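S.K.: Sequence and predicted structure below; questions after.
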Amino acid sequence: MDVWQSLYAERDVSKPDVLVVAKLWPVLMNALQAEFTVHDRLHESDLDKFAEVAPRIRGICGGGESTVGADLIAKLPALEIISVFGVGYDRYDLSAARARGIPVTNTPDVLTDCVADLGLGLLINVARRMPQNEVYLRAGKWASSGPAPLARKVSGARLGIVGLGRIGLAIAKRAEGFGMQIAYTTRTARADVSYKHYPSAVALAAEVDFLMVITPGGSATKHLIGAEVLAALGTKGYLINVARGSVVDTQALIDALQRGVIAGAALDVFENEPHVPAELMAFDNVVLSPHAASATVQTRQAMADLAFGNLKAHFGGQALLTPVP
Ligand code: A2R
């Protein structure tokens, strides 16, 4: 048996080779392994083996925060499809994929409710100091020192949403239930909503109590929320980020919190996640969440069904379920 025969003998040639570029949820991983020949992060763990299998890799599956650059795509001459387990794909080089005619799919819509739920949950948490209050109670301070400090009322407050797409709109609908006054900023005003549109995040921030960030990541929105926006939000304003860490200038946020430029922040995403700056962890007026917006069993199952379904559709010669436009 020559080297190629031995390679082929090890694998089921009827199962397309798929490179997995993230530590995926086991349910999705199991589905992939049943249908495909899966190479789990081989490009990071074993470069020799990766060089061996790269010529026959036909699909990539990764998470929303994975990086798939032009360099990786160039190493995969047989690549036909990239399936993203997430709605955001800002670290995938779409131009490089498109130049080769390789479709990219994502998992929109199915996670909208959960991200919106968490966005509003974070807003209420930071305003009403729910995590801090629980720590206060558990530390016995209620009994020893009396009631916890007063919080900020949510119902009826002014909410500014940066990015009024699928998720931004779902957040707005929830906030309507709290009688909040809603305004937003996007590059193009929506004709189908009556919320007030502002031309920039700075203009919006100056008019609201809570600024909710829910745009895509990537170079177009990098540090969209910086010192100027935070100054406009002001000493009574709160920032909530459920978009991508890159949309907020972390150093500017830390500076603003240190100097009392804003009232507080609630963050589900970070620039260098899973690493969270120690400065952020130290603030009493900051609520932190480990990028958990879509992390429910129900939503992750729906996302897995789409991420897997797109690959299966492609290799079965069917139309893709959710191609990135
Ligand atoms: O700017 P527009 O008119 O394209 O509106 C989109 C808005 N957006 C921006 N707003 C302000 N400045 C920008 N530079 C900017 N770029 C985009 O973000 C639109 O209203 C919204 C994105 O909405 P969708 O595409 O429907 O995305 P979805 O499902 O709401 O998810 C948003 C992001 C994902 O990309 C992940 O990064 C994260 O939520 O999970």
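M.R.: Done, it's in. Numbers count the residues shown, from 1 in each chain.
S.K.: how many neighbours does the closest residue in space to Val115 that isn't next to it in sequence have?
M.R.: Sequence neighbours aside, Ala293 is the residue nearest to Val115 in space, at 4.2 Å (criterion: CB to CB, 6 or more residues apart in numbering). C-beta here means a position set from N, CA and C on the backbone, and glycine is covered the same way. Residues lying near Ala293 (other CB atoms under 10 Å) number 23.
S.K.: so what's Ala293 up against?
M.R.: Shown in contact with Ala293 (CB atoms under 8 Å, 6 or more residues apart in numbering): 111, 114-115, 118-119, 242, 268-269.
S.K.: Please report which of those has the highest neighbour count.
M.R.: Highest count within the contacts of Ala293 by other CB under 10 Å belongs to Val242, 29 neighbours.
S.K.: Nearest residue to that one in space, please, no chain neighbours.
M.R.: According to CB to CB, 6+ apart, the nearest residue to Val242 is Gly119 (4.3 Å).
S.K.: Make sure I have this right: that neighbour is in a strand.
M.R.: No. Judged by DSSP: H, G, I helix; E, B strand; the rest coil, Gly119 forms no part of a strand; its state is helix.
S.K.: That one and Asp93, how far apart?
M.R.: 28 Å (CB to CB, to the nearest Å).
S.K.: What of Gly317?
M.R.: Distance check for Gly317 against Asp93: by CB to CB, it reads 26 Å.
S.K.: Give me the more crowded residue out of those two.
M.R.: Per other CB under 10 Å, whichever of Gly317 and Asp93 has more neighbours is Asp93, with 19 against 6.
S.K.: Please name the residues that touch that one.
M.R.: 68-70, 73.
S.K.: swap the cut-off to 10 Å and go again
M.R.: Listed by CB atoms under 10 Å, 6 or more residues apart in numbering, the contact set of Asp93 reads 67-74, 82, 99, 104.
S.K.: Show me which of those residues are buried.
M.R.: 68, 72-73, 82, 104 (16 or more other CB atoms under 10 Å).
S.K.: So of those residues, which two are at opposite extremes in space?
M.R.: Between any two of those, the greatest separation by CB to CB is 13.2 Å, found for Leu72 and Val104.
S.K.: list residues touching both of these two?
M.R.: Going by CB under 10 Å, 6+ apart, residues that sit against Leu72 and also against Val104 are 60, 92-93.
S.K.: Mind checking which of those are in strands?
M.R.: The strands, defined by DSSP state E, take in Ile60 from the shared contacts of Leu72 and Val104.
S.K.: Could you export the shared contacts of Leu72 and Val104 to JSON lines, including columns for pLDDT and distance to the ligand?
M.R.: Listed next are the shared contacts of Leu72 and Val104 as JSON lines, based on pLDDT from 0 to 100; distance: CB to the nearest ligand atom, whole Å:
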{"residue": "Ile60", "pLDDT": "98", "distance to the ligand": "19"}
{"residue": "Tyr92", "pLDDT": "98", "distance to the ligand": "12"}
{"residue": "Asp93", "pLDDT": "98", "distance to the ligand": "16"}
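S.K.: For whichever residue of the stretch 201-325 of the chain sits closest to the ligand, which three-state class applies?
M.R.: Proximity of the stretch 201-325 of the chain to the ligand (CB to the nearest ligand atom) peaks at Pro216, 3.3 Å away. At Pro216 the chain is in coil, as set by three-state DSSP.
S.K.: The one 4 residues further on now?
M.R.: State at Ala220, reduced to three classes by three-state DSSP: helix.
S.K.: was I right about it contacting Asp90?
M.R.: Yes. Using CB atoms under 10 Å, Ala220 is in contact with Asp90, at 8.9 Å.
S.K.: Closest one to Ala54 out of the shared contacts of Leu72 and Val104, please.
M.R.: Once CB to CB is applied, the member of the shared contacts of Leu72 and Val104 that ends up nearest Ala54 is Ile60, at 11.4 Å.
S.K.: For the closest one, give its distance to Ala51.
M.R.: Applying CB to CB to Ile60 and Ala51 gives a distance of 16 Å.
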